[in-house]
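Engineer: One predicted model, sequence on top.
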Amino acid sequence: MPGPIDRTTTAPEIARANAQAPEADNAHAAGRWNLRRNIAMKPRVFMLHIGAAAGISCAIGIGFCIAGYPLVLGFCACQALALLVAMVHYAVHALDGEQLVLTGNALEVRCTRGFRSHTVRLDPCWTRLECTAGAEPPTLCSGRTRVPVAVYLAEPQRRRFAAEFGRMLAGTRMPGTVDRTPGTADCTS
């Protein structure tokens with residue numbers, strides 16, 4: 001199962017491609033990062049678990065209703081309804097995250113939050129990745145535009161992403177200078 005950082009092109013691969021390709025094609029070398037939520041269960045298994053929890057609750061409520069306590073059935077039905085609402089909310093936000101595509105002349109960031117999705121295009125020469133010491137996610141900054149990225153990643157994964165992305169961003173500013181040593185970006189501390 002792929003991790004939350006799904007990277008399709010690595011820094012050494014781009015460096016090799018840049019070395020083999022003519023100068024005109026260097027602008028087309030791309031790095032792509034899919035920073036999605038880490039979902040451990042398949043949808044079918046998740047639905048079966050939620051259905052089993054609601055079914056058991058309703059069976060208990062029916063048992064109490066037969067025993068002469070119909071109010072318990074009402075509360076069990078409310079609990080099953082709350083489980084349904086939580087399941088729908090979880091399903092809507094299952095694919096939340098960011099997709100970053102870095103080419104020689106553009107950085108495209110597509111953010112998905114529920115049913116909303118927006119795309120921001122930035123110039124990599126004027127873009128920097130800012131990281132704070134706290135639990136805040138790294139932020140791409142270009143002029144007045146600020147886009148938080150790696151929102152759903154754990155702290156070690158954020159540091160790994162920030163280091164790799166920082167190297168790739170520096171490599172697009174100055175082709176041929178992609179640093180392959182780990183921990184050389186601003187966000188590794």
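Structural biologist: Here it is on my side, so go on.
Engineer: Just name the shakiest helix or strand of this protein by mean pLDDT.
Structural biologist: helix 11-20 (a mean of 45; mean pLDDT, DSSP states H and E).
Engineer: Can you classify the residue of the chain most remote from its centre by secondary structure?
Structural biologist: Here the centre of the chain is the reference, and by Cα atoms, centre = their mean the most remote residue is residue 68, at 49.9 Å. Put simply, residue 68 is coil when judged by DSSP: H, G, I helix; E, B strand; the rest coil.
Engineer: tell me the pLDDT at it?
Structural biologist: Looking at residue 68, its pLDDT is 94.
Engineer: check contacts around it.
Structural biologist: With contact set as Cβ atoms under 8 Å, 6 or more residues apart in numbering, residue 68 has no partners. Using the backbone N, CA and C atoms, a C-beta is placed for each residue, glycine as well.
Engineer: SS state for the nearest residue to residue 99 once chain neighbours are set aside?
Structural biologist: Closest residue to residue 99 apart from its sequence neighbours, by Cβ to Cβ, 6 or more residues apart in numbering: residue 110 at 4.5 Å. Under three-state DSSP, residue 110 falls in the strand class.
Engineer: and residue 110, how many neighbours?
Structural biologist: When neighbours are counted by other Cβ atoms under 10 Å, residue 110 registers 15.
Engineer: before we move on, what about residue 61?
Structural biologist: Neighbourhood size, residue 61 [other Cβ under 10 Å]: 22.
Engineer: Distance of it relative to residue 50?
Structural biologist: 17 Å (Cβ to Cβ, to the nearest Å).
Engineer: Residue 104 too?
Structural biologist: To residue 50, residue 104 is 46 Å away according to Cβ to Cβ.
Engineer: what's the answer for residue 172, then?
Structural biologist: For residue 172 relative to residue 50 (Cβ to Cβ), the value is 45 Å.
Engineer: Among these two, which residue is more densely surrounded?
Structural biologist: For residue 172 versus residue 50, neighbours defined as other Cβ under 10 Å are more numerous around residue 172 (25 against 16).
Engineer: show me the residues around that one that make contact.
Structural biologist: Residue 172 sits next to 102-104, 124-125 when contact means Cβ under 8 Å, 6+ apart.
Engineer: most neighbours, which of those residues?
Structural biologist: Busiest of these [other Cβ under 10 Å] is residue 102, holding 23 neighbours.
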